[in-house]
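S.K.: what follows is a predicted protein model with its sequence.
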Amino acid sequence: QVQLVESAGGYVQAGGSLRLSCAASGQAFSRCTMAWFRQAPGKEREFVAAITWGGRLLDYADSVMGRFTISRDNAMNTLYLQMNSLKPEDTAVYYCAGDLRLTTINSPQNPDKYDYWGQGTQVTVSS
């Protein structure tokens, strides 16, 4: 019902900025809780941020608080992640995820509760 496609990531120096986008197909996007996760080599998938269907922030990971901003444009069927003050430890494959059943309201950090996933996009931050 919802297909998600992340924009190309990129290679950026520490302290730089990057904006990721996630384009969704289908009308269900506007009813989904949406989130960003990331996975670094050899590590488990990690929660980054989540936002309700109406644009209310649900949560940020402590590691990105104050540096990353999640937002969405339901008219454009697009989710965004603005990443500022990037650090080498932000290097990972970033994934957008959607929850249509709204089971993540109380636990947006749990990847198992998301129904739809993008293919992932690489972000590399050099020191």
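M.R.: Happy to help now that I have it.

S.K.: got the contact list for Ala97?
M.R.: Leu4, Met34, Ala35, Trp36, Phe37, Pro111, Tyr114, Tyr116, Trp117, Gly118 (C-beta atoms under 8 Å, 6 or more residues apart in numbering). In this view, the C-beta of every residue, glycine as well, is placed from N, C-alpha and C.

S.K.: ramachandran coordinates for the residue positioned nearest the centre of the chain?
M.R.: By C-alpha atoms, centre = their mean, the chain has its centre lying nearest to Trp36, at 1.9 Å. Main-chain torsions, Trp36, degrees, to the nearest 10: phi -120, psi 140.

S.K.: what's the ChimeraX syntax to select whichever of the contacts of Ala97 are buried?
M.R.: Those of these that count as buried under 16 or more other C-beta atoms under 10 Å are selected in ChimeraX with:
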select :4,34,35,36,37,111,114,116,117,118
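
S.K.: the helix or strand bottoming out on mean pLDDT in the chain packs against which elements?
M.R.: When the helices and strands of the chain are scored by mean pLDDT, DSSP states H and E, strand 57-60 comes last with a mean of 93. Under the contact definition 3 or more C-beta pairs under 8 Å, 6 or more residues apart in numbering; DSSP states H and E, strand 57-60 sits against strand 46-51, strand 68-73.

S.K.: go with 7 Å
M.R.: strand 46-51 (3 or more C-beta pairs under 7 Å, 6 or more residues apart in numbering; DSSP states H and E).

S.K.: from the chain's centroid, how far away is the strand it packs on?
M.R.: Here strand 46-51 is found 6 Å from its chain centre; the criterion is C-alpha atoms, centre = their mean, to the nearest Å.

S.K.: between strand 68-73 and that strand, find me the angle.
M.R.: Per axes from the mean of the first three to the mean of the last three C-alpha atoms, to 10 degrees, the angle that strand 46-51 makes with strand 68-73 is 40 degrees.
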